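Student: this one's structure only:
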């Protein structure tokens, strides 16, 4: 079995966010870091080289592939902020009204935070931390 690349590391979250470009994305990363800390109540951990994660849970696909992943996490990319653990197909009501976004299979892509309703984003993060993980766990195991 291939070795998983997205695993917790000892790298500094502070140093990683300080290196994010462009500066606007770095500013948004600081906002999201605080929001996820507020939702989770735990310290952030670097997962791989570019994902900031909070908490962890174990998953197992029906195929037998298994691993660990953060409960909620984000990765500041140049084009958008990738947010994991907040969006699940069929549960769009938890992200309704946050502002412009795109979705991947399990990911929410956000533009600049100035165009978002941060209170609704915080609500989505709180839901993900307090109840979203069982949803994704069930989905992954099918």
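Tutor: On my side now, so go ahead. Values in this document were obtained by computation on a predicted structure and should not be read as measured data. Residues are numbered from 1 along each chain as shown.

Student: now tell me which helix or strand of the protein has the poorest mean pLDDT.
Tutor: helix 133-140 (a mean of 52; mean pLDDT, DSSP states H and E).

Student: just the strands in this protein please.
Tutor: 45-47, 51-54, 57-60, 66-69, 72-76, 81-84, 101-103, 107-110 (DSSP state E).

Student: ok, of those strands, where does mean pLDDT dip lowest?
Tutor: Sorting the strands of the chain by mean pLDDT places strand 57-60 lowest, at a mean of 80.

Student: residue ranges with poor pLDDT in this protein?
Tutor: 1-4, 89-90, 132-142 (pLDDT under 70).

Student: could you pick out the longest helix of it?
Tutor: Longest helix of the chain, by residue count under DSSP state H: helix 23-40.

Student: elements contacting it?
Tutor: Helix 23-40 sits against helix 13-18, strand 51-54, strand 72-76, strand 81-84, helix 118-127, with contacts defined as 3 or more Cβ pairs under 8 Å, 6 or more residues apart in numbering; DSSP states H and E. All C-beta atoms are positioned from the backbone trio N, CA, C, and that covers glycine.

Student: for residue 60, give the beta-bridge partners.
Tutor: On the basis of DSSP bridges, residue 60 is bridged to residue 66.
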